[in-house]
Every structure is written in structure tokens, then in C-alpha cells.
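**Q** Structure, please.
(2 chains)
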Number of protein chains: 2
Amino acid sequence: MILVPVTPQLSTTERSTIRRGSKRARTDRSELHAVLDAALICHLGIVVDGAPRVLPTGFGRSGETLYLHGSTGARSLREAAEEPEICVAVTHLDGIVYARSAFHFSVNYRSAVIHGRPRQVTDPDEKWRALQVITEHLAPGSWEHARQPNKRELAATAVIALDLAEAAVKMRGEGPNDEPEDVEANKAWAGVLPLETRWGAPEPSGDLAPGFEVPAHVLERRCSA
Amino acid sequence: MILVPVTPQLSTTERSTIRRGSKRARTDRSELHAVLDAALICHLGIVVDGAPRVLPTGFGRSGETLYLHGSTGARSLREAAEEPEICVAVTHLDGIVYARSAFHFSVNYRSAVIHGRPRQVTDPDEKWRALQVITEHLAPGSWEHARQPNKRELAATAVIALDLAEAAVKMRGEGPNDEPEDVEANKAWAGVLPLETRWGAPEPSGDLAPGFEVPAHVLERRCSA
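**A** You can find the predicted model right below:
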């Protein structure tokens, strides 16, 4: 395990300093954690042959480390692990902001962008814990409920780690910022149309044995959304 | 306007050819359009000083062109316009796939990844149409309802265009693919927990004149989700 120096405040490197809409910037590390923990997937950015590539992928967080996994046969994750640097973005879209002018239309969101050097996880213990973290992030309660990986499955899975040291968190959660003359004119509706994410009803697999009830860790999740 | 040669089939360049899970690849251009049109934001990948950067941003589509916009003061969009290449990813997460083994946990999704050389939109007519397209994508009915941009606002807005020529579309929408021995063992629940996105109730702006009713183009949207 590599120990990362952690400060309660987010880094202020040149590229992770928010310039546009700096009043939307958040600086508490707990807010970074909250944005990550509430998300199910992230977008991984890598450079391949000098060109950018963005890939949606699952992840998990353990303290100040983000874990990503993929098949050892997947070129992208292999390439990512060899890169001097990667970027991970996590975004929640919370609503559309309707303004009186097209110019001031906006969105409410919670966003985190992390930069860092990836580290291939080769230590068997850390890899095991990382897979547990990723599984529990995607589907809490499943690591103990489902069959855990065997040797062959472990070997077929690549895991990379990314320190959360360099990150930027930005949020917007308010109504439109219209021009005073547009507010005065009173010609257009203004407000927020919130966007919500909900779990639907669990759909048992077609080959599940009859009478196998949906377990509590799946049912409870639905109630929490 | 630059005319793009369009084929009904998606490109099959080396990097947009799907290798992993190729049975999930889609090749119809209409499926690319559907994935884009159903999304509200995208993740833009650029290379800055040799390192990848991923930024969530709004967009709009007109035929085979994707438009992105931002403040002329935002360094990232300025940088993107000067890049020889950018990447845009659009992802819908449709559900969590619970398997009998941790190894086979997965997600159901619809994904599009587009590669191309960005083009700064400078022609005033195209820029105007692009802003209309982006506004209507984010909030249908709003371009005519709200005040349209004035000269100052137009000058403060940068627009870039990206051809949809080189794109990869991938989808998964099914139950788990478990090992036969795990199905036989019947020890864990397997199925899909669907994820749904819904509009909440419109929240009028605090400074809206009393009695200003929520217009049809906002209300209707809620019913369509």
C-alpha cells in the first residue's frame, strides 16, 4: 500500500483550480468523497497515440484511493495503467435551470474531476480488497452474498488505483441568474426542473430457481433511492 | 458549413472498432443518434500539456454534427477548439446486473464515443443555429419561449462543432451471464435492478412574478419522462 499525504482541503494545483464560476468550487475533501460515493460510474480519460479517449467505467473508493477495474484483455485499461497520467470525471446532473434568456440557461450538478498517475495494483491482498470495494460500490451487500472471485477470475481482472490527491469539485444547486431587465420584463418562465434517479423494481434473472426471493440488500437499496 | 460524407453505418476505424464484448456493438447510425438525443450532458475529453482532461458539458445535435458551447472566457473550450482531436462520450446507465459471482456483476447501459477534429464555429448563421440546437436539446421549447441571445451574449459564447463520422455505439440490456455451475448451485440472487431517470416537479424561480404559470413546454417534458 502506498500512503498518500492527505489534507482535509482539496489540492490547488494549477489545473485543478476552478476559474470559471469559482463560487461553485468546493474545497472540502468530504465533498469530493460525497460526489464519488453517490455515483455509480465515472468517465476515464486517457491519451492514446496523442489523442484523448473517454471511457465510461465502474469504480470504487477506499479512503483517498479510487479503484478502477477491467478485463486484462481490455486494451483501454491496460493502456491506462501504463499512462503517466489519467483523468477521472464523475458527474451528477440534478436539474435543468430555465432562465428568461437562452444565454442564462444552465444545469444544476455535482461534479468531481481527478487527475493523477495511475498505479497498477499487483499486490494480491490489495487487489482483493479493491475488487471488494468496487463490487460493494456498484452493488452494496453483494460481496458477501455472491461467490467471490476464484484464481482464474482474479488473474483475468486488471485493477488500477488513482490517488484522490489532485481533484476539483464543483456544484451548482440554485435557480437562474437572469439579467435584471429580463426579470422586470416578466416574459418567460424561470425555474428549475429537477432530475431524479430512482431504482425500478428488481427483475429476477430468467434462470433463477423458482421461489428465490429478492434479498434484503437489493430490496433495501430500492427504498434508499 | 462543412458537408460530411454520411453513411448509414458507423465508421470502423481502428480505435472505434469495439473489441471487448463486440456482440454489444451497434452499427446503425440511427442508434448513435438515439443515444445522443436521449442524453442531457456529455463528457468531453481533451489533451492539455500531454495529459488527458475530462469535462462534463452540454451539447446539441444537428444531423451529423455535434455542437458544444461554452464561455469564451472558459479556457477548456478554447483549448478544445485548438486541438487536432477531441473525444466525446455519452453514457446512459440503465441498471445494475446482479450475478451469482462477483466476477460477473455488470451494468446495463447505452454508450456512444465519438472521435474527431473539432471545428470552431465562426459563421454567425451557423453559430446562431448551433445555440438554438443546444438550447432546444437541453430544454425543448425554450428557444422560442425565452429571450434569444443579443450581440454581447453571442460574442461571449464559443461554439465548437464535431462531426459524428467516427463513432462507436455499445449497449447492454440483459440479465447476468453466470457460470453454469453458479446457476446450478443456486446460492445467490441474480437479476437486474433497473435505474430510471425522472423529472421532478418544476420549481419556479423565487423572483418569478406571482401567478406566472409553468408553461406547457416545461410541464409536458415532465410527463414524457
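**Q** so how far is B:Leu138 from the nearest residue to A:Ala190 once chain neighbours are set aside?
**A** Nearest residue to A:Ala190 in three dimensions, chain neighbours excluded: B:Ser205, at 3.9 Å (C-beta to C-beta, 6 or more residues apart in numbering or on different chains). All C-beta spots, glycine's among them, are computed from the backbone N, C-alpha and C. Distance from B:Ser205 to B:Leu138, counting by C-beta to C-beta, to the nearest Å: 17 Å.
**Q** Check A:Asp125 too.
**A** Taking C-beta to C-beta, one finds A:Asp125 at 47 Å from B:Leu138.
**Q** Then A:Ala167?
**A** For A:Ala167 relative to B:Leu138 (C-beta to C-beta), the value is 27 Å.
**Q** More neighbours: which of those two?
**A** A:Ala167 (25 against 20; other C-beta atoms under 10 Å in any protein chain shown).
**Q** Would you agree the more buried one is in contact with A:Val113?
**A** Yes - counting by C-beta atoms under 8 Å, A:Ala167 touches A:Val113, with 6.7 Å between them.
**Q** how about stretch A:110-117, does it reach chain B?
**A** Yes - for stretch A:110-117 and chain B, the contact criterion (C-beta under 8 Å from any C-beta of the partner chain) is met by A:111, A:113, A:115.
**Q** returning to that earlier point: Provide a list of residues in contact with the residue nearest to A:Ala190.
**A** Residues in contact with B:Ser205 (C-beta atoms under 8 Å, 6 or more residues apart in numbering or on different chains) are A:175-176, A:178, A:190-192.
**Q** Return the members of those residues classed as buried.
**A** When the contacts of B:Ser205 are checked for burial by 16 or more other C-beta atoms under 10 Å in any protein chain shown, the buried set is A:175-176, A:178, A:190-192.
**Q** Farthest pair within those?
**A** Across the buried ones among the contacts of B:Ser205, no pair lies farther apart than A:Asp178 and A:Val192, at 12.8 Å, counting by C-beta to C-beta.
**Q** pLDDT score for the residue nearest to A:Ala190?
**A** Here, the pLDDT recorded for B:Ser205 equals 97.
**Q** related to what we said a few turns ago, I'd like to know which of the contacts of B:Ser205 are part of strands.
**A** Among these, the ones falling in strands (DSSP state E) are A:191-192.
**Q** partner strands of whichever strand in chain A runs longest, parallel or antiparallel?
**A** Counting by DSSP E, the longest strand found in chain A is strand A:86-98. Partners of strand A:86-98 in the sheet, by DSSP bridges, are strand A:41-48 (antiparallel), strand A:106-116 (antiparallel), strand A:191-199 (antiparallel).
**Q** Strand partners (parallel or antiparallel) of the element among helices and strands of chain A having the smallest mean pLDDT?
**A** Within chain A, no helix or strand scores below strand A:25-26, which has a mean of 72 by mean pLDDT, DSSP states H and E. Applying DSSP bridges, strand A:25-26 is found paired with strand A:166-172 (antiparallel).
**Q** How far does the partner strand sit from its chain's centre?
**A** 12 Å (C-alpha atoms, centre = their mean, to the nearest Å).
**Q** Buried ones in the following helix or strand past it, by neighbour count?
**A** Proceeding C-terminally, strand A:166-172 gives way to helix A:180-185 as the next helix or strand, assigned by DSSP states H and E. Under the neighbour-count criterion of 16+ other C-beta under 10 Å, helix A:180-185 has A:182-183 buried.
**Q** So which residues make contact with helix A:180-185?
**A** Outside helix A:180-185, the residues that reach it (C-beta under 8 Å, 6+ apart) are A:99-101, A:104, A:188, A:190, B:147, B:207.
**Q** Then stretch A:147-158?
**A** A:69-74, A:77-78, A:81, A:120, A:124, A:127-128, A:131, B:100-103, B:182, B:185, B:187-188.
**Q** 10 Å instead, please
**A** Residues from elsewhere that reach stretch A:147-158 (C-beta atoms under 10 Å, 6 or more residues apart in numbering or on different chains): A:68-74, A:77-78, A:80-81, A:120-122, A:124, A:127-128, A:130-132, A:134-135, A:143, B:99-104, B:178-179, B:181-182, B:185, B:187-188.
**Q** so who does the closest residue to A:Glu203 other than its chain neighbours touch?
**A** Closest residue in space to A:Glu203, ignoring its immediate chain neighbours: B:Val192 at 4.6 Å, by C-beta to C-beta, 6+ apart. Applying C-beta under 10 Å, 6+ apart, we find B:Val192 in contact with A:200-205, B:94-98, B:106-108, B:173-176.
**Q** thought A:Leu66 was touching A:Glu166?
**A** No - using C-beta atoms under 10 Å, A:Leu66 is not in contact with A:Glu166; the gap is 11.6 Å.
**Q** Pick out whichever of the two has more residues nearby.
**A** Taking neighbours as other C-beta under 10 Å, A:Leu66 and A:Glu166 compare with A:Leu66 leading, 27 against 19.
**Q** name the element the more buried one belongs to?
**A** Here A:Leu66 is assigned to strand A:65-71, by DSSP H and E.
**Q** Okay, now the sheet partners of that strand, with direction.
**A** Under the rule (DSSP bridges), strand A:65-71 has strand A:60-62 (antiparallel), strand A:157-163 (antiparallel) as partners.
**Q** In a markdown table, list these along with mean neighbour count and mean pLDDT.
**A** Formatted as a markdown table, the strands paired with strand A:65-71 follow (neighbours: other C-beta atoms under 10 Å in any protein chain shown; pLDDT from 0 to 100):
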| stretch | mean neighbour count | mean pLDDT |
| --- | --- | --- |
| strand A:60-62 | 19 | 98 |
| strand A:157-163 | 22 | 95 |
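**Q** okay, which residue of chain A is out on the far edge from center?
**A** Note on chain A: the largest C-alpha distance from the chain mean falls to A:Ala185, namely 40.8 Å (C-alpha atoms, centre = their mean).
**Q** picking up where we left off before, only C-alpha atoms, please: export the strand holding A:Leu66 in PDB.
**A** The C-alpha trace of strand A:65-71 is given here as PDB (Å, rounded to 0.1, in the frame of the first residue of the first chain):
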ATOM      1  CA  THR A  65      -7.800   5.900  -3.400                       C
ATOM      2  CA  LEU A  66     -10.000   5.400  -6.300                       C
ATOM      3  CA  TYR A  67     -10.000   1.900  -7.900                       C
ATOM      4  CA  LEU A  68     -11.000   1.000 -11.500                       C
ATOM      5  CA  HIS A  69     -11.100  -2.500 -12.900                       C
ATOM      6  CA  GLY A  70     -11.500  -4.200 -16.200                       C
ATOM      7  CA  SER A  71     -10.600  -7.300 -18.100                       C
END
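**Q** excluding its backbone neighbours, what's nearest A:Val97?
**A** Nearest residue to A:Val97 in three dimensions, chain neighbours excluded: A:Ser106, at 4.0 Å (C-beta to C-beta, 6+ apart).
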